[in-house]
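Enquirer: what would the 3D arrangement of this be:
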Amino acid sequence: MELRFTKYAFINALWTLIPVFPIFSLFPAVFLAMGIEKLVNNCEMSYIIVLCLSIILILLIGILFIRKTDSLLLNDEKTIKEKFMLLNFILYFLIHTAVFILLAGVNIACHGDGQTPLLCIISGPISSLLLIVFGFSIDLK
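Expert: Reported below is the predicted structural model:
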């Protein structure tokens with residue numbers, strides 16, 4: 001077994017360990033939750049909706065990529081690496097959002113306190129590990 005995608009995921013996971021990246025990767029989810037909050041007038045519900053959307057997109061993207069792996073492998077190595085890197089970038093945003101909301105809970109995610117940025121930095125490595133698990137699962141296929 002070559003473990004090509006595990007190696008790529010490990011390299012991408014190392015990039016996501018830069019402390020600034022986990023904090024900035026949550027901004028799209030926060031802005032989305034703020035937009036949903038204006039519609040439903042409930043901050044906690046907006047974060048629950050963002051969490052559900054993140055989980056659904058993670059599963060959908062993961063399943064679609066695993067199904068398309070055979071056609072991806074027909075490309076040259078550089079194209080495979082670039083497409084997988086783009087996928088990891090998107091998945092990291094989604095996984096980190098889901099992990100952060102699950103660890104913090106919707107109340108702290110919504111109202112926050114002084115330790116919320118610290119939780120962003122703690123949830124980042126967990127999300128990075130999940131990228132490696134995803135790469136390994138593709139290699140197992």
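Enquirer: how close does residue 51 get to residue 39?
Expert: Relative to residue 39, residue 51 is positioned 16 Å away (Cβ to Cβ, to the nearest Å). Every C-beta, even on glycine, is put in place using the N, C-alpha and C of the backbone.
Enquirer: tell me which of the two has more neighbours.
Expert: Legend: neighbour count by other Cβ atoms under 10 Å for residue 51 and residue 39, higher for residue 51 (20 against 10).
Enquirer: give me the low-pLDDT residue ranges for this protein?
Expert: 1 (pLDDT under 70).
Enquirer: next secondary structure element downstream of the longest helix along it?
Expert: In terms of residue count, the longest helix belonging to the chain (DSSP state H) is helix 77-111. Sequence order places helix 116-140 as the next helix or strand after helix 77-111, per DSSP states H and E.
Enquirer: now for residue 57: which residues touch it?
Expert: Residues in contact with residue 57, defined by Cβ atoms under 8 Å, 6 or more residues apart in numbering, are residue 94.
Enquirer: cool, and residue 4?
Expert: Neighbour list for residue 4: 80, 139 [criterion: Cβ under 8 Å, 6+ apart].
Enquirer: for residue 18, pull up the helix or strand it's in.
Expert: Using DSSP H and E, residue 18 falls outside every helix and strand.
Enquirer: and it, how many residues sit next to it?
Expert: Look at residue 18: counted by other Cβ under 10 Å, it has 10 neighbours.
Enquirer: residue 116 versus that one, what's the distance?
Expert: For residue 18 relative to residue 116 (Cβ to Cβ), the value is 19 Å.
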